[in-house]
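Participant: requesting a structural model of the entry that follows:
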Amino acid sequence: MGRLQVFDFKNHTEQSFEFGPQINAITGLNGSGKTNILDAIYYLSNTKSFFNGIDQQLIRTGAAFFSLHGWFVDESEYDILISFTDKSKKTVKKNGKTYSRLLDHIGLIQSVFITPYDISLVLDGSEDRRRFMDYTLCQTNREYLENLSFYKKIQDQRNAFLKKCEGRYVDPDVLESFDARLIPSAGKIFATRKQFIADFMPWFYEFYSFLSGNNEQVNIEYLSELHEKEFSEILDDNRERDRILMRTSSGIHKDDLDLNINGFPLKKMGSQGQIKSFVIAMKLAQYRFFLEKTGHKPLLLLDDIFEKIDAQRAGKLMELVANDYFGQIFITDTHAERVKHHLEHVNANKMYFSL
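Facilitator: The predicted structure is shown next:
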């Protein structure tokens with residue numbers, strides 16, 4: 001990314017940046033909006049915020065809209081302009097042309113966001129871990145993106161039908177018509193997720209071992225009912241349950257990732273340091289996955305990373321980002337001198353910005 005302009009986004013009235021090609025450090029006090037600048041970059045990549053799925057809440061208090069304008073340079077040049085009004089209208093333009101579907105922008109620019117909030121991957125529910133898988137695959141696999149979008153659409157329609165039939169007869173033919181459309185897309189999603197874990201794990205092991213500096217046994221297992229049964233059988237087995245609950249109670253939308261260390265659940269047995277190393281390794285493996293699948297270096301966004309991890313892990317992380325296969329990096333911190341200290345031995349072009 002060469003240039004960024006932000007208007008009425010979160011706490012920023014107007015900001016403009018000319019970024020360098022390698023490391024860009026943004027410093028300022030808590031509440032100055034450092035993280036919001038990273039989120040603006042992420043939004044331009046993905047047409048949504050990393051932190052808040054409600055666009056209305058991203059408009060600066062008292063303003064009528066927000067807009068984000070970014071100029072990206074890789075093998076191609078992209079001028080991306082996104083605006084959202086308080087009338088709930090979002091417009092996304094690439095090189096002056098409006099997308100007819102927001103989905104068509106996904107995968108154009110990959111970004112990896114490492115933030116203290118990533119511990120939700122370990123501590124929170126399965127939705128966060130599915131979102132990690134889905135985000136990674138949607139960025140690199142157009143067929144997966146289309147299948148996932150279609151599955152969610154038909155699932156919503158099936159749920160609406162079941163809710164409409166509350167306490168009344170459920171026509172099995174109508175239900176089967178939904179199932180016939182869900183089953184093929186679910187099978188493709190399952191197969192792609194299964195292959196993803198196989199591809200992802202060697203990079204995850206490599207990064208975790210480097211960051212932790214020890215021989216702990218870590219593992220990520222893909223959990224899905226489709227390992228045991230065909231989706232058609234699962235739907236048949238749960239018809240009565242679905243009728244009572246008025247929703248589709250089983251399927252790939254319930255998949256999860258089981259995170260383990262030394263044979264035990266990471267959530268219960270992992271120390272703070274182990275959990276931090278685990279989630280950072282997951283994000284770095286995500287970066288490597290993007291790079292291998294697309295041939296392009298993603299944007300790496302590091303939010304308050306020196307505040308939340310110990311000096312040893314921070315040093316290891318900086319040693320990694322000095323590697324040639326990392327491209328443009330954005331780092332935020334509350335202390336300018338601390339950032340300079342951590343970056344002093346990194347042989348790269350560095351630019352510093354203060355809010």
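
Participant: next one: phi and psi at Ala285?
Facilitator: phi -70, psi -30 (degrees, to the nearest 10).

Participant: distance of it relative to Asp324?
Facilitator: In this view, Ala285 and Asp324 are 18 Å apart by Cβ to Cβ, to the nearest Å. C-beta coordinates here come from the backbone N, C-alpha and C atoms, glycine included.

Participant: I'd guess Val112 is in a strand, am I close?
Facilitator: Yes - under DSSP: H, G, I helix; E, B strand; the rest coil, Val112 sits within a strand.

Participant: Leu175 reaches Arg239, doesn't it?
Facilitator: Yes - using Cβ atoms under 8 Å, Leu175 makes contact with Arg239 at a distance of 7.0 Å.

Participant: got the contact list for Glu146?
Facilitator: Contact analysis of Glu146 by Cβ atoms under 8 Å, 6 or more residues apart in numbering lists Leu103.

Participant: on the pLDDT front, check it for me.
Facilitator: Looking at Glu146, its pLDDT is 96.

Participant: which of the helices or strands spans it?
Facilitator: Applying DSSP states H and E as the criterion places Glu146 in helix 142-164.

Participant: for Asp8, same thing?
Facilitator: Asp8 is part of strand 3-9 when elements are defined by DSSP H and E.

Participant: from the chain's centre, how far out does that strand sit?
Facilitator: Relative to its chain's centre, strand 3-9 lies at 21 Å (Cα atoms, centre = their mean, to the nearest Å).

Participant: send me the helix holding Glu146 as CSV with only the CA atoms.
Facilitator: Provided in CSV are the C-alpha atoms of helix 142-164 (Å, rounded to 0.1, in the frame of the first residue of the first chain):
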residue,chain,number,x,y,z
ARG,A,142,-12.9,-18.5,-5.4
GLU,A,143,-14.9,-21.7,-5.6
TYR,A,144,-14.8,-22.1,-1.8
LEU,A,145,-16.1,-18.5,-1.4
GLU,A,146,-19.0,-19.1,-3.8
ASN,A,147,-19.9,-22.4,-2.1
LEU,A,148,-19.8,-20.9,1.3
SER,A,149,-21.9,-18.0,0.3
PHE,A,150,-24.4,-20.3,-1.4
TYR,A,151,-24.5,-22.7,1.7
LYS,A,152,-25.2,-19.8,4.0
LYS,A,153,-28.0,-18.5,1.8
ILE,A,154,-29.8,-21.8,1.6
GLN,A,155,-29.2,-22.5,5.3
ASP,A,156,-30.9,-19.2,6.1
GLN,A,157,-33.8,-20.1,3.8
ARG,A,158,-34.2,-23.5,5.4
ASN,A,159,-34.1,-22.0,8.9
ALA,A,160,-36.7,-19.4,7.9
PHE,A,161,-39.0,-22.2,6.6
LEU,A,162,-38.6,-24.2,9.8
LYS,A,163,-39.4,-21.2,11.9
LYS,A,164,-42.4,-20.4,9.8
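
Participant: sorry, back to before: of Leu175 and Arg239, give the one with the bigger neighbour count.
Facilitator: Leu175 (18 against 15; other Cβ atoms under 10 Å).

Participant: could I get the full set of helices for the stretch 201-350 of the chain?
Facilitator: For the stretch 201-350 of the chain, helices defined by DSSP state H, counting those that start in this stretch occupy the ranges 231-237, 239-245, 266-269, 272-294, 305-308, 311-321, 336-343.

Participant: report the distance from the third one to the chain centre.
Facilitator: With Cα atoms, centre = their mean as the basis, helix 266-269 stands 22 Å off its chain's centre.

Participant: what does that helix contact?
Facilitator: With contact meaning Cβ under 8 Å, 6+ apart, helix 266-269 is reached by 122-123, 218, 259-262, 274-275, 278.

Participant: so which of the residues you listed sit within strands?
Facilitator: 218, 259-261 (DSSP state E).

Participant: pick the one among those residues closest to Leu320.
Facilitator: Closest approach between those and Leu320, by Cβ to Cβ: Val218, at 17.2 Å.

Participant: ok, the closest one touching Phe207?
Facilitator: No - here Val218 does not reach Phe207: they are 10.3 Å apart, not a contact under Cβ under 8 Å.

Participant: what is in contact with these two at once?
Facilitator: Joint contacts of Val218 and Phe207 (Cβ under 8 Å, 6+ apart) are Ala281.

Participant: more neighbours: which of these two?
Facilitator: Using other Cβ under 10 Å, the more surrounded residue of Val218 and Phe207 is Phe207, with 24 against 20.

Participant: other SSEs contacting the strand holding Asp8?
Facilitator: Packing contacts for strand 3-9, counted by 3 or more Cβ pairs under 8 Å, 6 or more residues apart in numbering; DSSP states H and E, involve strand 12-18, helix 34-46, strand 65-73.

Participant: for Asp303, what are its contacts?
Facilitator: Counting by Cβ under 8 Å, 6+ apart, Asp303 makes contact with 34-35, 38, 113-116, 332.

Participant: what's the average pLDDT for stretch 285-298?
Facilitator: Mean predicted confidence for stretch 285-298 is 94.

Participant: mind listing what's buried in that stretch?
Facilitator: 285-291, 293, 297-298 (16 or more other Cβ atoms under 10 Å).
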